[in-house]
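In: Predicted model and sequence below, questions to follow.
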Amino acid sequence: MEDRPDGVPSPASTEIAGSPAPDDLIVRTADTELRLESLPEEAGYEGMPDDIPAITGDDLFVFVRQDGWMLFAEQRGGDVVGCDMDVSEPEITDLGKGWWKVANRSEADTYALWLQAGSGPGLPIGGTVGWSQAYVRWTTTTTFDVPATSSLDVTRNSDGDGGSVELHLHDLTTPFDAVKASVALRGAGQDVDLDLSVPDWACDQPGDLTLFSRLSPEQMSTLGADDAVDYDIGLLLDGTTHTARGTVREASSAEPKWAPALP
């Protein structure tokens, strides 16, 4: 393990969580090395246990022993709105020789960092099939500017009973008091104009916004059978109107390009 890439630290302090097996994960910062016993699969759904070790810094280095195992990571925040976790993704870089760099690209905060390593498409002939996964209580110190993103979905119900339009906005910098949105859809038939609003089932974390409208069977019929639909969106956020136009297909989400850009 000490045949490591440049930049991977050699901390003097080591902490052990549980009874790690030889293939379980090792996490380092400049000050501390954590040797982590692999948790059962259900731990990823049950949340971080109270006795998980803590580590501080914007960059972590994770050692994955087996060739062909890939590393995945999620920064999980608190249950802010009572119905889901606030999840962001760190930047993950394969450094070689079993080492991966995990870098914070979100706000400075304390996260339940969920790490998973396992065999995947890159598994070489003769490689080991398996997995190891663990939590780390990760406190980051720098807030990074995360650009706002959006996606648009137009869906036909499988039973032929209409469909829906969903517009998802993520990482907006400001909570908004006044939101109004509309979309014009143009399919093979005539146009369909819809007002979008926040649905009762929305579970948006701070900085996120879900806008929704149902499509009646008649409206779906008006758009025609072609799965490609052109759209024009008007989005009013606290007095500023943002517009976007493009094409969306049923099998994939569109990523609207906004003018002016989302805040």
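Out: Sure thing, it's come through.
In: For the helix or strand where Y135 lies, which outside residues touch it?
Out: Here Y135, judged by DSSP states H and E, is contained in strand 131-139. If you take Cβ atoms under 8 Å, 6 or more residues apart in numbering as the criterion, strand 131-139 is touched by 17, 21, 23-25, 27, 34, 36-39, 41, 43-44, 48-49, 52-56, 60, 64, 69, 75, 104, 109-119. Where C-beta positions appear, they are placed from N, C-alpha and C, glycine not excepted.
In: what about it, distance to the chain center?
Out: Distance of strand 131-139 from the chain centroid (Cα atoms, centre = their mean, to the nearest Å) equals 17 Å.
In: Give the buried residues for that strand.
Out: Of the residues in strand 131-139, 132-139 count as buried by neighbour count, 16 or more other Cβ atoms under 10 Å.
In: who does it pair up with?
Out: Strand pairing for strand 131-139, using DSSP bridges, gives strand 54-56 (parallel), strand 110-119 (antiparallel).
In: Could you list every helix and strand that the following helix or strand past it packs against?
Out: Downstream of strand 131-139, the next assigned helix or strand under DSSP H and E is strand 149-156. For strand 149-156, the helices and strands in contact under the criterion 3 or more Cβ pairs under 8 Å, 6 or more residues apart in numbering; DSSP states H and E are strand 163-170, strand 228-237, strand 240-249.
In: Next, the angle from the last one to strand 163-170.
Out: Read that as strand 240-249. 130 degrees (axes from the mean of the first three to the mean of the last three Cα atoms, to 10 degrees).
In: in strand 240-249, what's buried?
Out: Neighbour count says strand 240-249 has 242, 244, 248 buried, by 16+ other Cβ under 10 Å.
In: mind giving me CSV with those and columns for distance to E166 and pLDDT?
Out: Shown next, in CSV, are the buried residues of strand 240-249 (distance: Cβ to Cβ, whole Å; pLDDT from 0 to 100):
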residue, distance to E166, pLDDT
H242, 17, 97
A244, 14, 97
V248, 11, 93
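In: could the buried residues of strand 131-139 go into JSON lines alongside distance to L172 and pLDDT?
Out: Listed next are those as JSON lines, based on distance: Cβ to Cβ, whole Å; pLDDT from 0 to 100:
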{"residue": "S132", "distance to L172": "36", "pLDDT": "93"}
{"residue": "Q133", "distance to L172": "32", "pLDDT": "94"}
{"residue": "A134", "distance to L172": "32", "pLDDT": "95"}
{"residue": "Y135", "distance to L172": "29", "pLDDT": "94"}
{"residue": "V136", "distance to L172": "28", "pLDDT": "94"}
{"residue": "R137", "distance to L172": "28", "pLDDT": "94"}
{"residue": "W138", "distance to L172": "24", "pLDDT": "94"}
{"residue": "T139", "distance to L172": "25", "pLDDT": "93"}
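In: TSV for the residues you listed, including distance to G187?
Out: Shown next, in TSV, are the buried residues of strand 131-139 (distance: Cβ to Cβ, whole Å):
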residue	distance to G187
S132	48
Q133	45
A134	48
Y135	47
V136	48
R137	50
W138	46
T139	50
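In: Just the closest of these to G189, please.
Out: Nearest to G189 out of the buried residues of strand 131-139 is Q133 (Cβ to Cβ; 49.4 Å).
In: Beta-bridge partners for the residue nearest to that closest one when sequence neighbours are not counted, please?
Out: Using Cβ to Cβ, 6 or more residues apart in numbering and skipping the chain neighbours, the partner closest in space to Q133 is Q116 (4.4 Å). Beta-bridge pairing for Q116 (DSSP bridges): F72, Q133.
In: Q116: neighbour count?
Out: Neighbours of Q116 under the rule other Cβ atoms under 10 Å: 19.
In: Thanks a lot, see you next time.
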